[in-house]
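Trainee: no sequence for this one, just the structure:
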């Protein structure tokens, strides 16, 4: 096998690996952003229960049966709230 064939083989194996790594990184970032957006939405709608100004309580109470998933997310966030800055810094590779 000559040098050209080895280089071509390397390029053919290298770029799919890079693309897979970029896909995984972008997927992880989108999942992180989705979790943060769900948390923010839950805080905006149900914030009156913890003292944050929010929509009228009647609207929040009517939305509550539909917000089971957001309530689970908020509960998990409170449980895992040890070091939020550390979590974000680790995610951003700082």
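Mentor: Noted; the coordinates are in hand. Source: prediction; values computed, not measured.
Trainee: what packs against the one helix or strand in the chain whose mean pLDDT sits lowest?
Mentor: For the chain, using mean pLDDT, DSSP states H and E, the weakest element among its helices and strands is helix 84-91, scoring a mean of 70. Here helix 84-91 touches helix 3-46, going by 3 or more CB pairs under 8 Å, 6 or more residues apart in numbering; DSSP states H and E. No exception for glycine: its C-beta is placed from N, CA and C like everyone else's.
Trainee: give me the angle between the least confident helix or strand of the chain and helix 3-46.
Mentor: 160 degrees (axes from the mean of the first three to the mean of the last three CA atoms, to 10 degrees).
Trainee: mind listing what's buried along stretch 20-40?
Mentor: residue 38 (16 or more other CB atoms under 10 Å).
Trainee: show me the contact partners of it.
Mentor: 69, 70, 73, 74, 77, 91 (CB atoms under 8 Å, 6 or more residues apart in numbering).
Trainee: how about JSON lines for those, with secondary structure, distance to residue 9 and neighbour count added?
Mentor: Below are the contacts of stretch 20-40 laid out as JSON lines (DSSP: H, G, I helix; E, B strand; the rest coil; distance: CB to CB, whole Å; neighbours: other CB atoms under 10 Å):
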{"residue": "69", "secondary structure": "helix", "distance to residue 9": "47", "neighbour count": "10"}
{"residue": "70", "secondary structure": "helix", "distance to residue 9": "50", "neighbour count": "20"}
{"residue": "73", "secondary structure": "helix", "distance to residue 9": "46", "neighbour count": "18"}
{"residue": "74", "secondary structure": "helix", "distance to residue 9": "51", "neighbour count": "19"}
{"residue": "77", "secondary structure": "helix", "distance to residue 9": "47", "neighbour count": "16"}
{"residue": "91", "secondary structure": "helix", "distance to residue 9": "35", "neighbour count": "11"}
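Trainee: show me what contacts residue 74?
Mentor: Here residue 74 is in contact with 39, 42, 43, 46 (CB under 8 Å, 6+ apart).
Trainee: ok, which pair from the residues you listed is furthest apart?
Mentor: The largest separation in the contacts of residue 74, counting by CB to CB, is between 39 and 46 at 10.8 Å.
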